[in-house]
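Undergrad: Sequence plus predicted model, see below.
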Amino acid sequence: MGSEGPSPPPVTVNVTGFKKFHGVSDNPTETIVRNLKAYLENEGLPKGLVLGSCTVLETAGEGAVETLYQTLNSAINPKDPELNNPGKIIWLHLGVNSGATQFAIERQAVNEATFRCPDEMGWKPQKVPIIEEDGDICKTRQTTLPVEDIRSALDNKEDYKGKVVTSDDAGRFVCNYVYYHSLSFAEKNGTKSLFVHVPLFATIDEKTQMGFVASLLEVLASLP
């Protein structure tokens, strides 16, 4: 009998969401991330996917950046022996856009922190570079993942048809702040990073959003 050869390395996806912040007392991304492992255990993991860490971050910038980097480093220095051969590593960051009616796959982040309200640690920067070494606040960093392919794959699923868009503007608040740091980390450490904005549960219900994130993970695991 012939050999099928070695299986392709897995895709390990680590997921983050955020806690509450000004104007949003119940952040849907906190619920999604806290329930994701149990949801996938019940529904079944997509083929080729390893679900890494699921972390809920403080909705804060400068005061939480040390915790953010500890979280990012955990993917390349895992304590769990099962994750010692993670294959391709992707960071999936989820944030809420309380005015949105669709899911938005964010293409880029901008090196600018201009917070419309104080973050959860009281910081309210205005036109401050996120990473000073990167230069001025006009610099952008783009994900190396194929956002249009991801959007198209999700739009082909009946439950999400017309509910997924791509975006070039992740705002200038904590979502953009985290994404910019994550994209910088990804470039330096050979990982991938993607940010996705979701609506409130009042706009798209929790069950649909959980299914959307599971489908998104399936798409990420299938990327070449």
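TA: Here it is on my side, so go on. Numbers count the residues shown, from 1 in each chain.

Undergrad: Now do the same for the residue lying closest to Pro118 once chain neighbours are set aside: helix, strand or coil?
TA: Distance criterion CB to CB, 6 or more residues apart in numbering; nearest residue to Pro118, sequence neighbours excluded, is Lys124 at 4.3 Å. Bear in mind the C-beta positions are built from the backbone N, C-alpha and C, glycine included. Following DSSP: H, G, I helix; E, B strand; the rest coil, we place Lys124 in the coil state.

Undergrad: wouldn't Lys124 be in contact with Ala113 here?
TA: No. Using CB atoms under 8 Å, Lys124 makes no contact with Ala113, being 9.3 Å away.

Undergrad: So for these two, which residue has more residues nearby?
TA: When Lys124 and Ala113 are compared for neighbours, Ala113 comes out ahead with 23 against 13, by other CB atoms under 10 Å.

Undergrad: Tell me the bridge partners for that one.
TA: Beta bridges link Ala113 to Val128, judged by DSSP bridges.

Undergrad: Show me what counts as buried in the helix or strand of the chain with the lowest mean pLDDT.
TA: One helix or strand of the chain scores below all others by mean pLDDT, DSSP states H and E: helix 65-76, with a mean of 93. Of the residues in helix 65-76, those buried by neighbour count under the rule 16 or more other CB atoms under 10 Å are Leu68, Thr71, Leu72, Ser74, Ala75.

Undergrad: okay, among those, which ones form the most distant pair?
TA: Leu68 and Ala75 (12.1 Å; CB to CB).

Undergrad: Just to be sure, Tyr177 is in a strand?
TA: No. Secondary structure of Tyr177 (three-state DSSP): helix, not part of a strand.

Undergrad: so it makes contact with Ala113?
TA: Yes. Counting by CB under 8 Å, Tyr177 touches Ala113, with 5.5 Å between them.

Undergrad: so what sits against both of the two?
TA: Here Tyr177 and Ala113 have Gly61, Ile130 as joint contacts, going by CB atoms under 8 Å, 6 or more residues apart in numbering.

Undergrad: Checking the closest residue to Asn97 other than its chain neighbours next. Helix, strand or coil?
TA: Leaving out its chain neighbours, the residue that sits closest to Asn97 by CB to CB, 6+ apart is His197, at 4.3 Å. Three-state call for His197 (three-state DSSP): strand.

Undergrad: give the contact list for Pro28.
TA: Per CB under 8 Å, 6+ apart, neighbours of Pro28: Val96, Val198, Pro199, Leu200, Phe201, Glu206, Gln209.

Undergrad: how close does it sit to Pro199?
TA: 8 Å (CB to CB, to the nearest Å).

Undergrad: Over to Arg116?
TA: Taking CB to CB, one finds Arg116 at 18 Å from Pro199.

Undergrad: same thing with Glu187?
TA: Glu187 is 30 Å from Pro199, by CB to CB.

Undergrad: more crowded one of these two?
TA: Pro199 (21 against 13).

Undergrad: Which neighbours do Pro28 and Pro199 have in common?
TA: With CB under 8 Å, 6+ apart as the test, Pro28 and Pro199 both reach Val96, Gln209.

Undergrad: Show me which of the contacts of Pro28 is closest to Val147.
TA: Val198 (15.5 Å).

Undergrad: Does that closest one touch His93 like I think?
TA: No. Contact criterion CB under 8 Å: Val198 and His93 do not qualify, at 11.0 Å.
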